[in-house]
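Peer 1: kindly generate the corresponding structure for this input.
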Amino acid sequence: MGPCLCEYQQCGVKLFARQWIRETAGTANFDQNRSALASIHLFEMMSDQMSGSWDGTYDHGSKSDDSHHFERLYAEPMYDAFVCPLTKQVMRDPVTLENGQTFEREAIEKWFKECKESGKKPVCPLTLKELRSTDLNPSIALRNTIEEWAARNEAAQLDVARRLLSQGGAENDILQALKYIQQICQNSRSSKHTIRNAHLIPMIVDMLKNSSRTVRCKALETLHIVAEDDDDNKEVMAEGDMVRSIVKFLTHEHSKEREEAVSLLYELSKSEALSEKIGSVNGAILILVGMASSNSENVLSIEKADKTLENLESCEKNVQQMAECGRLQPLLRLILEGPPETKLSMASYLGELVLSNDVKVLVARSVGSSLINVMRSGNMQSREAALKALNQISSCEASSRLLLEAGILPSLVKDLFTVGNNQLPMRLKEVSATILANLVNNSGYDFETIPLGPDNQTLVSEHVVHNLLHLISNTGPAIGSKLLQVLVGLTTSPTTVLDVVSSIKSSGATISLIQFIEAPQLDLRMASIKLLQNLSPHMGQELADSLRGTAGQLGSLIRVVSEDMGTEEQAAAIGLLADLPERDLGLTRLMLDEGVFHMVIPRIRKIRQGGDIRGSRFVTPYLEGLTRVLSRVTFALADESAALALCREENVAALFIELLQANGLDKIQMVSAMALENLSQESKNLTRFPELASPGFCGSFFHCFSKPPVITGLCCVHGGTCSIKETFCLLEGQAVGKLVSLLDHRNENVVEASLAALSTLIDDGVDIERGVTVLWDAEAIKPIIDVLLEKRTENLRRRAVWAMERILRTEDIAYEISGDQNVSANVSMALVDAFRNSDYRTRQIAERALKHIDKIPKFSEVFPNTR
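Peer 2: All right, here's what the predicted structure looks like:
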């Protein structure tokens, strides 16, 4: 087609348009055909644009600068007539001014508004000429033409996109197809309906499996645009495994994929149905909670993850999952603000969760008071849910204190003691008892200061303790064991133990408590043993009498100790046996008869040799208890031949010497030193003196024939034949050096016990001078002087003064001490101080020591100044 034909066609269009206008102007049809007029106006504009472009092929029309941007996105040309001069965008609602210029309605209205606000008269944005009127005439024909053009282009673009996606072409082709779809959706919301009906959504989802990361990101972005504000498209996406696939992207290494995936999930989560679907994907909520609290994700991803979780809260199951993952606030909010049914289900679920201590504190602070109110006044089902939740959060110190401050204790005790129509079922009384045990054992609170009601009774009041003892005896083992744990907690505190002891004595419940030692239930048995162990320092003799007089209880306690080593129950049982009065000879004989000591000794040796229980967390209290139980046999040596035989047979002295080296176990070292003191006290009675032969007839008259034979190998302290096994001699057992090394121990009880054991070498009944020499040779004198000077406790000072008085009896050693002027001065002043400021007995010993000093010149030179 040549230029002439082109021009002819253009002129024809214009002539037709003008002729039509003349014929309809001034007629009734003119207003009715205003839209047609606009179309003819469009035709004229198009014909003008086509001028000079016809060279035998069509070049898609003359395009504005902005229309060039869309060149690849449109199957048909976009003409300048479609574009608003103000927005440079394709018009959706074109309107025409009185001068025939066409604009987007919203844009021209904004223009006129700005003119008015600036005080100017309205002008045309293109011609800048003043307008008589700001009336806007809808260009219906133009709008219809644009819509038809857009529809044809959309159809063509969708066809191309479908073809590219279905063929799985090159990366650039897929990206272009996804771009087409995004552009169509962004043009109008109604276009999303077209996307759905064209079955493009499953094709886009398939692109999530593409090997190209760029394609995957673009697919996620496209799905987001397709789903945005379109519930129907979201329903389509809910079908199949699409949601699960999107969730998997949250764990991808590339941050852009994670960002696009979480943005898409946020959009989908706006649908309640999809919220439930997202929550049902295994791990989805856990991942989202991790992203929302992450320090490594970008801010946008964190924000989207958090908002997604907020949307997912519309489903109660999701809220429960969030709570499992540590996001408790939604669940707590529903407990506080939700409808009754929701409050009940959330509280019930809270009672099933395993919570960290920090979370328990958060829960107690947030909903503790609310749960306590429900526990007080709700129906039975609500009270059960509240009790179970309170049970969960009462097991750490901080949260239990918060609950006590919120006033839980009076209601809890009331629930336990109430009988009749309003009483709790036994299964809930068990929960109440558990909570009470948690509060008492974890809070560190002083329960004698918390009133339980208007009568100001407390948990340690006699009436309350009697009620607890009654419940322990008359309920099942589950409740009984928990209430025994309550008493264990109360007797552990020095501020409440005496009140409980007094109440137990007044109730006559000692025998009943001891009988629980035989209970088959571990919790009940162990709680009983722990309680008796706490009571033993205050009513030890009463417990010992009851154990002797009650058939079977001591045997049951021994059986617990003799089972597999290293359990908490065994540590408590041996601790109870160890706490009983050590000088109760009747109990020791009973323990000898029961074979307790023969059972204890191999267990101590096994532990010391690195037996199976070295890694047990109860090994230390267990070993301490075993050592203390064994030590009680050393208090019966003088009165019980079986005790002496046992110590010889098992070489008990050597075992205690070994235990002196249990570094870090102060109580074991102290008890071992005390046992060695008892054993060493018997050495002077057990040493075997040699039998001298008779001098004969001549020897009786002539002394030259009666020279005493030379006997070697005698103990220099005890004067006879000694051994560690038979006579428990500390020298023969090489225990002196080990005891001396403990004199500078940080624990004064260990020091006192060690000094007491060493003092047996300079006690009455032995060769004191040689005993002092032994201490000198073992370098024990200086540590003893140091103990005297430190004055750590009154008992320790008394023992040190006693030892110094014995040492100063030996003049050679006293002269050696006086050789150091500083030492002699310090000793003198320490003895003077003891004489002046100690009790009567110590003053007497110090006075004797000072008399020894007065006889030594070097000491006496210092002594006048200190006298």
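Peer 1: can we go C-alpha only for contacts and neighbour counts from here?
Peer 2: Will do.
Peer 1: what packs against the helix or strand that contains Asn441?
Peer 2: Taking DSSP states H and E as the definition, one finds Asn441 inside helix 426-442. Counting contacts by 3 or more CA pairs under 8 Å, 6 or more residues apart in numbering; DSSP states H and E, helix 426-442 is packed against helix 380-393, helix 397-405, helix 408-417, helix 477-492.
Peer 1: setting the sequence-adjacent residues aside, check what's closest to Ser345.
Peer 2: Ala385 (8.0 Å; CA to CA, 6 or more residues apart in numbering).
Peer 1: try Ser212
Peer 2: Glu171 (7.5 Å).
Peer 1: any figure for the gap between the one you found and Ser556?
Peer 2: 81 Å (CA to CA, to the nearest Å).
Peer 1: kindly report the same for Ser275.
Peer 2: Distance of Ser275 to Ser556, given as CA to CA: 60 Å.
Peer 1: re earlier: indicate which one of the helices and strands packed on helix 426-442 is closest to Ser245.
Peer 2: Taking CA to CA, helix 380-393 is the member of those nearest to Ser245, at 36.3 Å.
Peer 1: residues making contact with that closest one?
Peer 2: Helix 380-393 is contacted from outside by 344-345, 347-355, 360-361, 363-364, 368, 371-372, 374-377, 399-400, 428, 431-432, 434-435, 438, using CA atoms under 8 Å, 6 or more residues apart in numbering.
Peer 1: which of the residues in that helix are classified as buried?
Peer 2: 382-393 (16 or more other CA atoms under 10 Å).
Peer 1: could you dump those into a markdown table with distance to Gln515 and pLDDT added?
Peer 2: Formatted as a markdown table, these follow (distance: CA to CA, whole Å; pLDDT from 0 to 100):
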| residue | distance to Gln515 | pLDDT |
| --- | --- | --- |
| Ser382 | 38 | 90 |
| Arg383 | 34 | 91 |
| Glu384 | 32 | 91 |
| Ala385 | 35 | 92 |
| Ala386 | 35 | 93 |
| Leu387 | 31 | 94 |
| Lys388 | 31 | 93 |
| Ala389 | 34 | 93 |
| Leu390 | 32 | 95 |
| Asn391 | 29 | 94 |
| Gln392 | 31 | 92 |
| Ile393 | 33 | 93 |
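Peer 1: and the most centrally placed residue in the chain, how close does it get to Ser293?
Peer 2: Centroid check for the chain by CA atoms, centre = their mean gives Ser356 as the closest residue, at 3.8 Å. Here Ser356 is placed at a distance of 17 Å from Ser293 (CA to CA).
Peer 1: repeat that for Ser507.
Peer 2: 56 Å.
Peer 1: ranges for the strands of the protein?
Peer 2: Under the criterion DSSP state E, the chain carries strands at the ranges 94-96, 102-104, 137-138.
Peer 1: buried deepest among those strands, which one?
Peer 2: Stretch with highest mean neighbour count among the strands of the chain: strand 102-104 (a mean of 26; mean count of other CA atoms under 10 Å).
Peer 1: tell me what it is packed against?
Peer 2: strand 94-96.
Peer 1: okay, now the unreliable bits of the stretch 751-867 of the chain?
Peer 2: By pLDDT under 70, the low-scoring segments of the stretch 751-867 of the chain are 857-867.
Peer 1: no no, the stretch 551-700 of the chain
Peer 2: Residue ranges of the stretch 551-700 of the chain with pLDDT under 70: 551-552, 564, 611-615, 691-700.
Peer 1: the same query, at a cut-off of 90, please.
Peer 2: Applying pLDDT under 90 to the stretch 551-700 of the chain picks out residues 551-570, 586, 594, 606-619, 662-664, 687-700.
Peer 1: rewinding a little: closest to Leu743 out of the strands of the chain?
Peer 2: Closest to Leu743 of these is strand 102-104 (CA to CA; 101.1 Å).
Peer 1: and the closest one, which strands flank it?
Peer 2: strand 94-96 (antiparallel) (DSSP bridges).
Peer 1: isn't Ser370 right up against Leu336?
Peer 2: Yes: shown here, Ser370 and Leu336 form a contact pair, counting by CA atoms under 8 Å, at 7.0 Å.
Peer 1: quick one: which of these two has more around it?
Peer 2: Leu336 (18 against 15; other CA atoms under 10 Å).
Peer 1: residues touching that one, list them.
Peer 2: By CA under 8 Å, 6+ apart, Leu336 lies in contact with 343, 367, 370.
Peer 1: which stretches of the stretch 1-150 of the chain form helices?
Peer 2: 3-24, 28-32, 34-50, 105-117, 140-167 (DSSP state H, counting those that start in this stretch).
Peer 1: grab the nearest non-local neighbour of Ala509.
Peer 2: Among residues not flanking Ala509 along the chain, Leu469 sits closest, at 7.4 Å (CA to CA, 6+ apart).
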